[in-house]
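Chemist: only geometry, no sequence info:
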């Protein structure tokens, strides 16, 4: 899996990153002031925190707020460019840097913010099992429409339980072929702009 991650990351760097970064950088100048990348502490394998990279999609905060405030559909904090990046999942592409560094895998359970993890653990106790493997850029839960959160707490709790069930199924049934299927479906959904 590590060899696959390295090879796939190198392909992404060679084919996409060299031109995409400058394009997103220029577009970002028109839509909002602030850095190109958003760096946030997330939970990695074994519960170890790491610095996760994304293209910034929200207006820059004036002060740090660690409260639980997940990004939801039509969130006013998201910039116009950010909405496009999120809808197509392009905002996640800088995480190939994390994959190359060995902190993430191309496919695996999505990493949570450290502050969100505590809330999610109260919703689903078995969520800790996800920490047995490296988090991924995409995953089995994500291609089944379980991306992000919703404003209503109870509905969010149900989605989280279902998401964890999909993540655990992936861990138990992992194979290179399964990873390839997930990557192909992720790319297809990106092309369609399908966030479901």
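Modeler: Cool, the structure landed. It should be emphasised that the depicted structure is a prediction, and the values quoted were computed from it without experimental measurement.
Chemist: For the rest of this, base every contact and every neighbour count on C-alpha atoms.
Modeler: OK.
Chemist: Surely residue 187 forms part of a helix?
Modeler: Yes - under DSSP: H, G, I helix; E, B strand; the rest coil, residue 187 sits within a helix.
Chemist: Quick check: which ranges of this structure have low pLDDT?
Modeler: Confidence mapping of the chain against pLDDT under 70 gives the ranges 62-70, 72-74, 194-196.
Chemist: which strands and helices sit next to the longest helix along the chain?
Modeler: Counting residues, the longest helix in the chain under DSSP state H turns out to be helix 153-173. Applying 3 or more C-alpha pairs under 8 Å, 6 or more residues apart in numbering; DSSP states H and E, one finds that helix 153-173 contacts helix 114-123, helix 140-143.
Chemist: Next, format those as a markdown table and append mean neighbour count.
Modeler: Formatted as a markdown table, these follow (neighbours: other C-alpha atoms under 10 Å):
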| stretch | mean neighbour count |
| --- | --- |
| helix 114-123 | 15 |
| helix 140-143 | 24 |
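Chemist: now these as TSV including distance to residue 100?
Modeler: Shown next, in TSV, are the helices and strands packed on helix 153-173 (distance: least, C-alpha to C-alpha, whole Å):
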stretch	distance to residue 100
helix 114-123	22
helix 140-143	21
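Chemist: So for residue 106, which of those sits nearest?
Modeler: helix 140-143 (11.6 Å; C-alpha to C-alpha).
Chemist: sorry, back to before: looking at the helices and strands packed on helix 153-173, which is nearest to residue 1?
Modeler: Nearest of the helices and strands packed on helix 153-173 (C-alpha to C-alpha): helix 140-143, 15.7 Å.
Chemist: helix, strand or coil for the residue of the chain most remote from its centre?
Modeler: In the chain, the greatest distance from the average C-alpha position (C-alpha atoms, centre = their mean) is reached by residue 30, at 24.6 Å. What three-state DSSP gives for residue 30 is helix.
Chemist: Could you check how far it is from residue 22?
Modeler: Going from residue 30 to residue 22 by C-alpha to C-alpha, to the nearest Å gives 13 Å.
Chemist: Would you mind measuring from residue 13 to residue 47?
Modeler: Separation of residue 13 from residue 47 (C-alpha to C-alpha): 28 Å.
Chemist: Likewise for residue 132?
Modeler: Taken as C-alpha to C-alpha, the span from residue 132 to residue 47 is 8 Å.
Chemist: more neighbours, the two?
Modeler: Counted by other C-alpha atoms under 10 Å, residue 132 and residue 47 do not tie: residue 47 has more neighbours, with 17 against 13.
Chemist: Check whether the more buried one really touches residue 133, as I assumed.
Modeler: No - using C-alpha atoms under 8 Å, residue 47 is not in contact with residue 133; the gap is 9.8 Å.
Chemist: what's in contact with stretch 139-146?
Modeler: The contact list for stretch 139-146, computed with C-alpha atoms under 8 Å, 6 or more residues apart in numbering, reads 107-110, 147, 159, 163-164, 166-167, 170, 182, 185-186, 189, 195-196.
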